[in-house]
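Enquirer: give me coordinates for this.
(one chain, ligands or ions: 1)
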Amino acid sequence: MTDYDPAENARKSYDVAIDAMREKLASFKCVQIGDATLYLGDCREILPLLPKVNAVVTSPPYGEIREYGGHASSDWLDVISSIAKGLQVGGVCVWNVNDQVINGSKSGVSFRQCLHAKECGLRIHDVMIYCKSGTTFPDRNRYLPAHEYMFVWSNGAPAHFNGIRDRVNKWRGTTLHGTDRLPDGSTRPIHGLGSDVPDTGLRRSWWEINNTAGRGDARGHPAPMPYAMAHDHIVTWTNANALVLDPFMGSGTTGAACVKLGRKFIGIEIEPEYFNKACNRIDEAYCQPRLFKDEPPKPKQEALL
Ligand SMILES: C[S@@+](CC[C@H](N)C(=O)[O-])C[C@H]1O[C@@H](n2cnc3c(N)ncnc32)[C@H](O)[C@@H]1O
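Expert: As a prediction, this is how the structure comes out:
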């Protein structure tokens, strides 16, 4: 009889568990295109089997606003729990969502999802607003519905912030002036007093995005994410070669942006029709020139103007 070795036993159990996960993952249809790995299946089953990622840029079905072949209705709290477990330290999840109106009331699911992310240990790093150029027909007692949320959750402080500085400065051509107010009510001259105000400054936390453009690329998906949203969030929160995940891949907008920006990508889509669209789109993205061969420039800490 051999001696029982708890460490050896734990190692064996671990190996058995890993083999079982690999086997389960291999049971899903998977298409590899360059650095993009695309799975056909339910993200609730696939997410726990994946490696940790640097970022998630996604947009889940919003209640039952669209049918997606019968895969629409869920509050996706289980998906958020899996994302929280699968984000690297410093990783960021961008969750673009809106609320359905049910019996005259906004569902509030978006807020429940955001608070759930916090309960899972993520930070609510930002609550950003996506201002749409087009609107849907409003109810008679509401303003034109023209915005959605872009929640930014992070595992600890975000590892990267490559803030986009394309907002035209109102005070360009002048010099910095003014004071900061301190907690005790007194004031002090602002940092950089007297220096030139640059032509452009850091973007605000609401992004105006044309949601009627780029439909051609999405090829008939009923609710594609605007390409600019995926692109600009990937630029902001990741550096070259990061691994980015979209568990609700749809037509592959996040994947196409990853190819362009030199990020690795994992996408999951449950509907075969959309999965095929995403495969074709990402394949074509590889045929077009990429923007980054090397690391993009490191972010600079500058005055918030
Ligand atoms: C709002 S759309 C995402 C659109 C995508 N961002 C794009 O740009 O095309 C949500 C997608 O999630 C898919 N979906 C729904 N339930 C799913 C599930 N359990 N696992 C994976 N995908 C799912 C739907 O089929 C739909 O394509």
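
Enquirer: and the residue of the stretch 151-300 of the chain nearest the ligand?
Expert: Going by C-beta to the nearest ligand atom, the ligand is nearest to residue 250 of the stretch 151-300 of the chain, at 2.6 Å. Quick note: C-beta positions are derived from backbone N, CA and C, even for glycine.

Enquirer: now residue 43: closest residue in space that isn't a chain neighbour?
Expert: Excluding the flanking residues, the one nearest residue 43 by C-beta to C-beta, 6 or more residues apart in numbering is residue 247, at 3.7 Å.

Enquirer: wait, doesn't that neighbour sit right on residue 57?
Expert: No - the criterion here is C-beta atoms under 8 Å, and residue 247 misses it with residue 57 at 10.2 Å.

Enquirer: out of those two, which sits in the busier spot?
Expert: residue 57 (30 against 27; other C-beta atoms under 10 Å).

Enquirer: ok, now which ones touch residue 263?
Expert: Counting by C-beta atoms under 8 Å, 6 or more residues apart in numbering, residue 263 makes contact with 35, 234, 238, 240-244.

Enquirer: next step: the residues you listed restricted to strands.
Expert: Of the positions in the contacts of residue 263, 243-244 sit in strands, assigned by DSSP state E.

Enquirer: of the contacts of residue 263, just say which sits nearest to residue 148.
Expert: residue 234 (18.0 Å; C-beta to C-beta).

Enquirer: picking up where we left off before, which of the contacts of residue 263 count as buried?
Expert: 35, 234, 238, 242-244 (16 or more other C-beta atoms under 10 Å).

Enquirer: contact residues of this protein facing the ligand?
Expert: Contact residues, the chain versus the ligand (C-beta under 6 Å from any ligand atom): 42-44, 59-61, 68, 71, 218, 221, 223-225, 247-248, 250-251, 253, 268-271, 274.

Enquirer: could you rerun that using 5 Å?
Expert: Taking C-beta under 5 Å from any ligand atom, the part of the chain that reaches the ligand is made up of 42-43, 59, 61, 68, 71, 221, 223-225, 248, 250-251, 253, 268-271, 274.

Enquirer: show me where the stretch 51-200 of the chain has helices.
Expert: Using DSSP state H, counting those that start in this stretch, the helices of the stretch 51-200 of the chain run over 77-86, 109-119.
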